[in-house]
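Peer 1: predicted model and sequence follow; I will ask about them next.
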Amino acid sequence: MQDLFDIEDPADGWREQLGPGTHWLHGFLVAEADSVMADIASVVAQAPYRHLVTPGGKTMSVAMSNCGEKGWVSDHTGYRYQTIDPLSSKPWPAMPPKLRLLAQEAAQRCGYADFAPTVCLINHYQPGARMGLHQDRDEKNLSAPIVSFSLGLPATFIWGGQQRVGKTQRIMLRHGDVVVWGGEDRLRFHGVAPLKDGEHALTGRARINVTFRQLGC
Ligand code: MD6
Ligand code: FE
């Protein structure tokens, strides 16, 4: 692919454009990682990570939690966002204000000034965990971008096109990286290759991915 280019952005490392609506902020979170981890710990203390079952009956290798107005869940009836955590039968924990602000700052750096995330999905990967190629299309408001934080062990992110089949690109997302994507890239297929084993000072043998979404209605 010849459309990759770097922009020097000394305020927050490197910003790299991956597509018309997609930006990669290298190391954006590194200085805030302790605070991000503390916020995640407070969420998962109330809504523990759990392995959801897909509509097809498979248990996902990635463990998930949520915070914000709604949470993304999956079971034999399908995928959806809902206000109640099925594990606790209570509302999801509120989105920690600092976490939300960081996501808004990242979006702003990438030209999405009005991003107002309402939900936040937290994915926990242990060695071997992966995420198959998918589109994020359970959100009603497809005009808002998604902001994605990576923490802990590095992972290979697989980035495809508008169709499930066809050429894919592989990028290594590292601790502190943020990807912001929207616009015409919003429905591109993507996934994560099986996590390689390793040890990270902040997360141990794990990668954590946090995605912020603006559901709209
Ligand atoms: C992950 N991320 O990085 C999985 N989806 O672990 C996603 O599925 C994702 O990073 C939409 C937008 C950004 C993402
Ligand atoms: Fe996704």
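Peer 2: Nice, I can see it. For clarity, every value in this text was computed on a predicted model and none was experimentally measured. Numbering: from 1, shown residues only. Ligands and ions are numbered 1, 2, ... in the order given.
Peer 1: distance from the chain centre to stretch 122-135, please.
Peer 2: 10 Å (CA atoms, centre = their mean, to the nearest Å).
Peer 1: for it, what is the average pLDDT?
Peer 2: Averaging pLDDT along stretch 122-135 gives 97.
Peer 1: contacts for it?
Peer 2: The contact list for stretch 122-135 (CB atoms under 8 Å, 6 or more residues apart in numbering) reads 40, 43-44, 49, 60-67, 153, 155, 158, 160, 164, 168, 187-198, 205-211. C-beta here means a position set from N, CA and C on the backbone, and glycine is covered the same way.
Peer 1: which of those are close to ligand 1?
Peer 2: 190, 192, 209, 211 (CB under 6 Å from any ligand atom).
Peer 1: can you pull the residues of this structure lying near ligand 1?
Peer 2: Checking the chain against ligand 1 by CB under 6 Å from any ligand atom, the hits are 123, 131, 136, 146, 148, 157, 179, 181, 190, 192, 209, 211.
Peer 1: report the buried residues of the helix or strand the last one falls within.
Peer 2: It refers to residue 211. Per DSSP states H and E: residue 211 is located in strand 207-213. For strand 207-213, the neighbour count (16 or more other CB atoms under 10 Å) marks 207-213 as buried.
Peer 1: and residue 41, that's in a strand?
Peer 2: No: per DSSP: H, G, I helix; E, B strand; the rest coil, residue 41 lies outside any strand segment and is helix.
Peer 1: per-residue pLDDT of it, please?
Peer 2: On the pLDDT scale, residue 41 gets 98.
Peer 1: which ones among the contacts of stretch 122-135 lie within helices?
Peer 2: 40, 43-44 (DSSP state H).
Peer 1: all the helices of the protein, in order from the start?
Peer 2: Going by DSSP H, the chain shows helices at 33-46, 97-109.
Peer 1: now do the shortest one: everything it contacts.
Peer 2: Under the criterion CB under 8 Å, 6+ apart, residues 9, 12, 15, 23, 25, 28-29, 32, 35-36, 39-40, 67, 113, 115-117, 120, 145, 147, 149, 178, 180, 210, 212 lie in contact with helix 97-109.
Peer 1: surely residue 57 meets residue 75?
Peer 2: No: judged on CB atoms under 8 Å, residue 57 makes no contact with residue 75 at a distance of 9.9 Å.
Peer 1: who's more crowded, those two?
Peer 2: Neighbours per residue (other CB atoms under 10 Å) separate residue 57 from residue 75, with residue 75 holding more: 13 against 8.
Peer 1: how about that one, nearest residue that isn't a chain neighbour?
Peer 2: residue 53 (5.8 Å; CB to CB, 6 or more residues apart in numbering).
Peer 1: for the one you found, what are its contacts?
Peer 2: 59-60, 74-76.
Peer 1: that one pairs with what?
Peer 2: residue 59 (DSSP bridges).
Peer 1: I appreciate the help and will end here.
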